[in-house]
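Undergrad: what would the 3D arrangement of this be:
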Amino acid sequence: MMLVQDIPVPVIAQVQGLATAAGCQLVASCDIAIASDKAHFATPGVNVGLFCSTPGVALGRAVPRKLAMEMLFTGHPIPAQVALQHGLVSKVVPHEKLEEETMAIARRIVESSRSVIALGKACFNSQITKDRNSAYSQAGSVMVENLSMKDGQEGIQAFVEKRKPTWDHTFDKK
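TA: Presented below is the predicted three-dimensional model:
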């Protein structure tokens, strides 16, 4: 599950039905999660004598502590709307629109520079655990690095010229 967060590309979960235990952990670990209005999420291990300790790591970082503990202690599933209210999923859509919405988000992401996305994902995941001042310091350094990249310069130039950028998709400096 750590690879999901460490991989340099965004990972999108598309949840159609019931995501339990490691499935719930996977959703909590993904960068973006789109759920059907019919989806539910649970960590039911306690009901069979196996506490969902590893799913609890990702769950506890994705939702407030009290909801995570309720899910872990009871094993009861929560509906997609509750998952949305507490940040386990990014969006809830009608079941018949799930694939369409997930693909629309994926298509929008691939329009951007892969190197800029990778840099941004790594920065976000690293800074989120730091105190505010350290996080801003790190993010500021990453912003300067991003500005020195070919794709950073191309994006600014394309904006000024009112055209679509042509990405290099590398970390090369200009």
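Undergrad: going forward, measure contacts between C-alpha atoms and count neighbours the same way
TA: OK.
Undergrad: can you give me the buried ones in stretch 161-172?
TA: Within stretch 161-172, the residues that qualify as buried are Pro165, Trp167, His169, Phe171, counting by 16 or more other Cα atoms under 10 Å.
Undergrad: for Val93, phi and psi?
TA: Dihedral angles of Val93 (phi, psi; degrees, to the nearest 10) stand at phi -130, psi 160.
Undergrad: excluding its backbone neighbours, what's nearest the residue nearest to the spatial centre of the chain?
TA: When the chain is reduced to its mean C-alpha position, the closest residue under Cα atoms, centre = their mean turns out to be Asp31, at 1.1 Å. Ranked by Cα to Cα, 6 or more residues apart in numbering and with sequence neighbours excluded, the top spatial neighbour of Asp31 is Val11, at 5.4 Å.
Undergrad: who touches stretch 40-48?
TA: Contacts of stretch 40-48 from elsewhere in the structure, counted by Cα atoms under 8 Å, 6 or more residues apart in numbering, are 17-21, 24, 51-52, 55, 71-80, 83.
Undergrad: can you pull out the strands in this structure?
TA: Applying DSSP state E to the chain gives strands spanning 12-15, 18-20, 32-36, 40-42, 78-79, 91-93.
Undergrad: can you put those strands in a markdown table and add mean pLDDT?
TA: Rendered in a markdown table, the data for those read as follows (pLDDT from 0 to 100):
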| stretch | mean pLDDT |
| --- | --- |
| strand 12-15 | 98 |
| strand 18-20 | 98 |
| strand 32-36 | 98 |
| strand 40-42 | 98 |
| strand 78-79 | 98 |
| strand 91-93 | 98 |
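Undergrad: quick one: these as CSV, columns for mean neighbour count and distance to Glu111 too.
TA: Formatted as CSV, the entries for the strands of the chain read as follows, by neighbours: other Cα atoms under 10 Å; distance: least, Cα to Cα, whole Å:
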stretch, mean neighbour count, distance to Glu111
strand 12-15, 22, 16
strand 18-20, 19, 30
strand 32-36, 24, 17
strand 40-42, 24, 31
strand 78-79, 17, 32
strand 91-93, 20, 21
